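Visitor: Got a predicted structure plus its sequence, pasted below:
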Amino acid sequence: MAVVLPPPVTGQTLASRALVRHLGQAAPPGAVAIHPVSGGGAAWRVHKQTALLAAILRAAAAGRGRDALYLVVDSGAGLWAQAAAAPVLRTGFSRVVLHHHGFAPLRRRDPRLATLLSGLGDRARHIVLCPGMATALARHYAVAPDRIRVLGNAALIPAPPRAPARPADIPLTLGFLGNITRSKGIGAFMATQRALAEAGRPVRALIAGPVTRPDLEAEIAWFLAEDPAGRSALGPVSGPAKRRFLAGIDALLFPSAYPNEAQPFTIFEALAAGRPVLATPIGGIPGQIERAWCLPAPGFAAAAARIVAGWQDRPETHAAACAAARARFEAARARDVAALGSVTRWLLEGAE
């Protein structure tokens, strides 16, 4: 396994860490060798590709062409780097298992991924996050179904206790969790809050995650200053702080327009806490949440505000939404844990 592990902390690196830990427990001794890469900072992209290539070369030399390799499919320029490494991958390993965490190269035929798969030939196997990704992979790259396995991210998230019910005598709190960028939908989140405020409906806002752009920091600071008592930003959260964040909100807003969005960890974490998620229907998100919670990007703020207003007027509907959120996660986790057992056996074919 040549894998990127936290830091940086992203859904993909968290999933990789969880899978590494699972295989370390499930595999026979010596069956899995881990070549981890981590880091961050301005030179991270170059460092990542260089370190991954070095790990691949070490693994190929150690296995002398007999071993299988697990590799996460990259995005952007990183996918070109992986495509360029295809000859090494094909000659250095008996199988190359590609884990697809991003949807962008599957929406249409991507020349970078096409070059990688052409170079790998019959060595390639695939893990995808949802049936829609499997269908797209088969359609655009003529991958045979028996070379694809579906493994959702719910299997890689520890099932936390249900967050406590919120007191009925305080305003609802809407949360935003993740990298705070325009493509991840922070603008739509703020627009939803403002729409509710203009309608005379008191709703609190809680934002968690890193902000890297100074212009966006100023925009968020202005948003918070409009209602200092009801709006706050926590910065990055993880571990217990993330659990406190989820316990402190009544719903998560995830209005992403990020083209590589697939099956966000954040959504499953909110559902597991018993918090409904209002999100855009991008990537694999429609398979994660209730259909009524999928809101088109145009008009997202107005539609989300209407749902939240309904919860305010009829608290029992919000309680039902919280129960539905937890049930949705439990069903997804049961399905994905079963798939994890099957994928584990598939990954370890031939391992001693």
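Guide: Received it, and whenever you're ready, just let me know what you need.
Visitor: Now do the strands in the stretch 251-352 of the chain.
Guide: Listed in chain order, the strands of the stretch 251-352 of the chain (DSSP state E, counting those that start in this stretch) span 251-254, 277-279.
Visitor: With mean neighbour count and mean pLDDT as extra columns, can I get these in JSON lines?
Guide: Using the backbone N, CA and C atoms, a C-beta is placed for each residue, glycine as well. Below are the strands of the stretch 251-352 of the chain laid out as JSON lines (neighbours: other CB atoms under 10 Å; pLDDT from 0 to 100):
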{"stretch": "strand 251-254", "mean neighbour count": "26", "mean pLDDT": "98"}
{"stretch": "strand 277-279", "mean neighbour count": "26", "mean pLDDT": "98"}
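Visitor: Of all those, which one is nearest residue 340?
Guide: With respect to residue 340, and counting by CB to CB, the nearest of the strands of the stretch 251-352 of the chain is strand 277-279 at 22.7 Å.
Visitor: Show me the contact partners of the closest one.
Guide: When contacts are taken as CB atoms under 8 Å, 6 or more residues apart in numbering, the neighbours of strand 277-279 outside the stretch itself are 251-256, 267, 270-271, 285, 288-289, 293-295, 304, 307, 325.
Visitor: One more pass at 10 Å, please.
Guide: The contact list for strand 277-279, computed with CB atoms under 10 Å, 6 or more residues apart in numbering, reads 174-175, 185, 188-189, 192, 251-256, 261, 264, 266-271, 285-286, 288-290, 292-295, 300, 303-305, 307-308, 321, 325, 328.
Visitor: can you give me the helices in the stretch 151-300 of the chain?
Guide: Defined through DSSP state H, counting those that start in this stretch, the helices belonging to the stretch 151-300 of the chain, from first to last, are 186-198, 214-225, 240-247, 265-272, 300-313.
Visitor: Check which helices and strands the second one sits against.
Guide: Contacting helix 214-225 under the criterion 3 or more CB pairs under 10 Å, 6 or more residues apart in numbering; DSSP states H and E are the following elements: helix 186-198, strand 203-208, strand 231-233.
Visitor: ok, 7 Å please
Guide: In terms of contact count using 3 or more CB pairs under 7 Å, 6 or more residues apart in numbering; DSSP states H and E, helix 214-225 is assigned the packing partners strand 231-233.
Visitor: Buried ones in the strand it packs on, by neighbour count?
Guide: Neighbour-count burial for strand 231-233, counted by 16 or more other CB atoms under 10 Å, picks out 231, 233.
Visitor: tell me, what residue is most central in this structure?
Guide: The centre of the chain sits closest to residue 264, judged by CA atoms, centre = their mean, with a distance of 2.7 Å.
Visitor: who are the neighbours in contact with it?
Guide: When contacts are counted by CB atoms under 7 Å, 6 or more residues apart in numbering, residue 264 touches 11, 254.
Visitor: cool, and residue 105?
Guide: 73, 79, 112, 113.
Visitor: Inside helices: which ones of those?
Guide: Per DSSP state H, helices hold the following members of those: 79, 112, 113.
Visitor: now the residues you listed in CSV, with neighbour count and pLDDT?
Guide: Putting these into CSV (neighbours: other CB under 10 Å; pLDDT from 0 to 100) gives the following:
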residue, neighbour count, pLDDT
79, 20, 95
112, 20, 96
113, 23, 97
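Visitor: domain parsing for the chain?
Guide: Following automatic domain parsing, one gets these domains for the chain: 2-150, 172-332.
Visitor: Those domains: which one's closest to residue 346?
Guide: The closest of these to residue 346 is domain 2-150. By CB to CB, the value is 5.8 Å.
Visitor: where does that closest one sit relative to the chain's centre, distance-wise?
Guide: 16 Å (CA atoms, centre = their mean, to the nearest Å).
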